[in-house]
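> Provided below for reference: sequence and predicted model.
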Amino acid sequence: MTTGTSSLPPEGVRRRFLAALYRRTPAQLLILLAPPIGWFGAVYLGSLAILLLSAFWYLNPITSAVVHDFSLSNFQQLVSDPVNRTIVLRTVVIAATVTIADMALAFPIAYFMARVASPRFRSILFMAVLLPLWSNYLVRVFAWRIILAQGGPLDGLLGVVGLKGPGFSDVSTWLVFTYLWLPYMILPVYAGFERIPGSLFEASADLGGRAATTFRRVVLPLVLPAVAAGSIFTFSLTLGDYITPELVAKNQFLGTVIYENQGVANNVPFAATFAIVPIGIMAIYLLLARRLGAFNAL
Amino acid sequence: MKPRSGSIWLRLATIGILAFLYIPLLIIVLYAFDTDRSQSWPIQGLTTDWFAAALANQSVGDALVLSIQVACAATAIALLLGTLASFAVQRYSFFGRGTVSFLLVLPIALPGIVTGMALNATINATGIGFTTFTIILGHATFCIVVVFNNVIARLRRTSRSIEEASMDLGADTLQTFRYVTFPVIRTALIAGGLLAFALSFDEVIVTTFTAGTQETLPLWIFDHIRRANQLPIVNVVAVFLILLSTIPVYLAQRLSSDTSGLAGR
């Protein structure tokens, strides 16, 4: 790197010290990098290591104290109990269907924001999408708890035409998750649409592409990385959530099992074992998302 | 040039999706004034009594104070560490540079329950005990990335030549930082800090696992939502939080060049 300092007249120690600061040396890099990496290494990676380790510990069946000894019993329990398989499958299916629903909902509004709305209206819409994202997560779940409750507004409205709301069920869980994470999908997809040059639409039209063809052959491949980026959030956030299932579901989900084992049952080792499941699922998901270019669209 | 697809269906879909986003929030506001504790349909009558009851509630106040303390501390740590990391990654090339960004984004790419459970297992295994400090530890860990993302995006867009020009004009390194570099990244810092604060203030998944018996405001809500006779007070708190969330959205708009960064959580 050129620094231009060599041409400066010698003006004492201070100036030379400051000039040295401007050069990029390994020592400076170390000063910049050590605090954040040290923090992450100690707090985050260290904790993940202990999580992996404690997944092999187990409870003394009589005293319920944690035995710091290597055992595969938690993993056996995890794999052999069919209830656990059902819970994992249920959670993954909900996470996948929430992601698909959010994609379907994000496309029209994101497209409208990026390519149809006037700049002024676009910024209003942008704020309108941001506001739910900034408003408290629990407040939004609470709203749905009121709406979905037995004899609540949804039952009341549907009752007029003789129908009934989903109550607290898997369907309601799917609906609430779709609602909660929708802005996380809209924003990257919007950014994806905005990045497409308008000339591509014209070129496609000039070459005889109809709107649907243009969308499928030109637009979709270009926004795919953005969609994949958004889907990381919708999928991952659903996978580990236990608050929403606690409040609007009847069935157990991955998160609720971990939460209850850690809290009510006080079986930290088994909770740790169960927490490895979402890590494994997300590792596969992130690898797939990376192949679709999601990390460049984040 | 706009494509022709501003069709009526697209408009209707946009309106429908906006309605889907906002009707639940409106229902919360409506029910905050409901005279009936059970919050059933239709609303029985209108009252403002619950607002007074919420104001008088000691535990809400305590939870709010704890949440603000935690969010301030976590934001401060995230601003410092996130900025350092972004300068390191943007301005130096070194082995494992790509890994740093990947590492920092992990706490929000992995489900929060993993971070929470990992910290919980560590706190249990080391016996350091559940304190305000452990809550801050968890929050700062996932807040660093939002500051990092905002600052590094700004650094990427800024040409290094303006700093060189400053040096050529005789400014020393500190002056250049103070009058050139810092003003350039200032709004990115505000945006990142705002987002970090909001993330921390809102967080409940990780917090459950690091708080022990303490209650931040989200944990207070989670606790009281399941007590039927407390619902009206929870509802008032909810309205307060919805109103509060308009502040960062307004600020985000003011920093309009940064809105995409603010969204990137």
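Alright, I've got the coordinates.
> Residue of the stretch 1-150 of chain B nearest chain A, please.
Among residues of the stretch 1-150 of chain B, the one nearest chain A by CB to the nearest CB turns out to be residue B:111. It sits 2.2 Å away. No exception for glycine: its C-beta is placed from N, CA and C like everyone else's.
> what's the neighbour count on residue A:156?
Using other CB atoms under 10 Å in any protein chain shown, residue A:156 has 14 other residues around it.
> Residue B:212 too?
Going by other CB under 10 Å, the residues that sit close to residue B:212 add up to 15.
> same deal with residue B:111?
When neighbours are counted by other CB under 10 Å, residue B:111 comes out with 29.
> next one: residue B:83
Neighbours of residue B:83 using other CB under 10 Å come to 24.
> Provide a list of residues in contact with the nearest residue to it once chain neighbours are set aside.
In this structure, residue B:83 finds its nearest non-sequential neighbour in residue B:151, 5.3 Å apart by CB to CB, 6 or more residues apart in numbering or on different chains. If a contact means CB atoms under 8 Å, 6 or more residues apart in numbering or on different chains, then residue B:151 has B:82, B:83, B:86, B:87, B:185, B:188, B:189, B:192 as its contacts.
> Give me the helix or strand of chain A that scores worst on average pLDDT.
Every helix and strand in chain A was compared by mean pLDDT, DSSP states H and E; the lowest is helix A:12-22, with a mean of 72.
> after that one, next one along is what?
helix A:26-39 (DSSP states H and E).
> What residues sit buried inside that next one?
Within helix A:26-39, the residues that count as buried by 16 or more other CB atoms under 10 Å in any protein chain shown are A:28, A:29, A:32, A:33, A:36, A:37, A:39.
> ok, the fifth one - contacts?
Looking back up the chat, that one is residue A:36. B:81, B:82, B:84, B:85, B:88, B:100, B:104, B:144, B:148.
> Same list, those residues, but only the ones touching chain A.
When contact is defined as CB under 8 Å from any CB of the partner chain, the contacts of residue A:36 meet chain A at B:81, B:82, B:84, B:85, B:88, B:100, B:104, B:144, B:148.
> was I right about residue B:145 contacting residue B:82?
Yes: using CB atoms under 8 Å, residue B:145 is in contact with residue B:82, at 7.1 Å.
> Now do the shared contacts for those two.
Taking CB under 8 Å, 6+ apart as the criterion, residue B:145 and residue B:82 both touch residue B:104.
> about what we covered before: isn't the residue of the stretch 1-150 of chain B closest to chain A up against residue A:235?
No: checked against CB under 8 Å, the pair residue B:111 and residue A:235 is beyond contact range at 9.2 Å.
> how many neighbours does residue B:171 have?
By other CB under 10 Å, neighbour count at residue B:171 equals 17.
> Now do the nearest residue to it once chain neighbours are set aside against residue A:82, distance only.
Spatially, and ignoring its direct neighbours in sequence, residue B:171 is nearest to residue B:179 (6.8 Å; CB to CB, 6+ apart). Applying CB to CB, to the nearest Å, the value for residue B:179 to residue A:82 is 67 Å.
> Likewise for residue B:214?
38 Å.
> Count the neighbours of residue A:151 for me.
Counted with other CB under 10 Å, residue A:151 comes out at 13.
> Kindly report the same for the one 10 residues further on.
When counting by other CB under 10 Å, one arrives at 6 neighbours for residue A:161.
> Now do it against chain B, distance only.
Using CB to the nearest CB, to the nearest Å, residue A:161 is found at 15 Å from chain B.
> How about the contacts made by residue B:12?
So residue B:12 contacts nothing (CB under 8 Å, 6+ apart).
> Mind pulling up the pLDDT for it?
We have a pLDDT of 93 for residue B:12.
> So residue B:242 lies in a helix, does it not?
Yes: checked against DSSP: H, G, I helix; E, B strand; the rest coil, residue B:242 lies within a helix.
> Just the element for residue B:135, please.
Here residue B:135 is covered by helix B:132-157, with elements defined by DSSP H and E.
> List the buried residues in that helix.
In terms of neighbour count (16+ other CB under 10 Å), helix B:132-157 has its buried residues at B:132, B:134-155.
> could you dump the buried residues of helix A:26-39 to TSV with pLDDT?
Formatted as TSV, the buried residues of helix A:26-39 follow (pLDDT from 0 to 100):
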residue	pLDDT
A:28	82
A:29	87
A:32	88
A:33	88
A:36	90
A:37	90
A:39	89
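> Show me the two of those residues that sit farthest apart.
The span of the buried residues of helix A:26-39, defined through CB to CB, is set by A:28 and A:39 at 18.5 Å.
> Tell me which residues touch residue B:47, please.
Contacts of residue B:47 by CB under 8 Å, 6+ apart are B:33, B:34, B:35.
> Flag whichever of these scores worst on pLDDT.
For the contacts of residue B:47, the weakest pLDDT value sits at residue B:35, with 76.
> Need the per-residue pLDDT for the closest residue to it other than its chain neighbours.
Of all residues not flanking residue B:35 in the chain, residue B:45 sits nearest, at 4.0 Å (CB to CB, 6+ apart). pLDDT for residue B:45: 75.
> can you check residue B:203 too?
Reported pLDDT for residue B:203: 92.
> How about it: what's its closest non-neighbour residue?
residue B:139 (6.1 Å).
> so what pLDDT did residue A:128 get?
Per-residue confidence (pLDDT) for residue A:128: 91.
> do the same with residue B:109
The model reports residue B:109 with a pLDDT of 82.
> Where does the prediction get shaky in chain B?
Within chain B, the segments meeting pLDDT under 70 span B:1-6, B:256-265.
> Quick one: the helices in it, in order.
Taking DSSP state H to define them, one finds helices in chain B at B:8-31, B:49-56, B:58-91, B:97-109, B:112-126, B:132-157, B:161-168, B:173-176, B:182-202, B:205-210, B:217-225, B:231-254, B:259-263.
> Just want the angle from the third one to helix B:49-56.
The one in question is helix B:58-91. When axes from the mean of the first three to the mean of the last three CA atoms, to 10 degrees is applied, the directions of helix B:58-91 and helix B:49-56 differ by 70 degrees.
> Relative to the whole chain's centre, how far out is helix B:58-91?
10 Å (CA atoms, centre = their mean, to the nearest Å).
> Point me to the residue of chain A nearest chain B.
The minimum distance from chain A to chain B, using CB to the nearest CB, falls at residue A:240 (2.2 Å).
> measure that residue to residue A:191 for me?
25 Å.
> Show me the strands in chain A, by range?
Remark: strands assigned in chain A by DSSP state E are A:58-59, A:66-67.
> Minimum distance to residue A:282: which of those strands has it?
strand A:58-59 (25.3 Å).
> what's in contact with the closest one?
For strand A:58-59, contacts defined as CB under 8 Å, 6+ apart pick out A:65, A:66, A:67, A:69, A:71, A:73, A:74, A:267, A:269, A:270.
> In contact with the third one, which residues?
Contacts here follow CB under 8 Å, 6+ apart; on that basis residue A:67 touches A:57, A:58, A:59, A:60.
> Flag the shaky bits of the stretch 1-150 of chain A, pLDDT-wise.
The stretch 1-150 of chain A contains residues with pLDDT under 70 at A:1-11, A:21-23.
> can you point me to the longest helix in chain A?
In chain A, with assignment by DSSP H, the single longest helix is helix A:82-111.
> does any bit of it sit next to chain B?
Yes: Helix A:82-111 reaches chain B (CB under 8 Å from any CB) through A:105, A:108, A:109, A:111.
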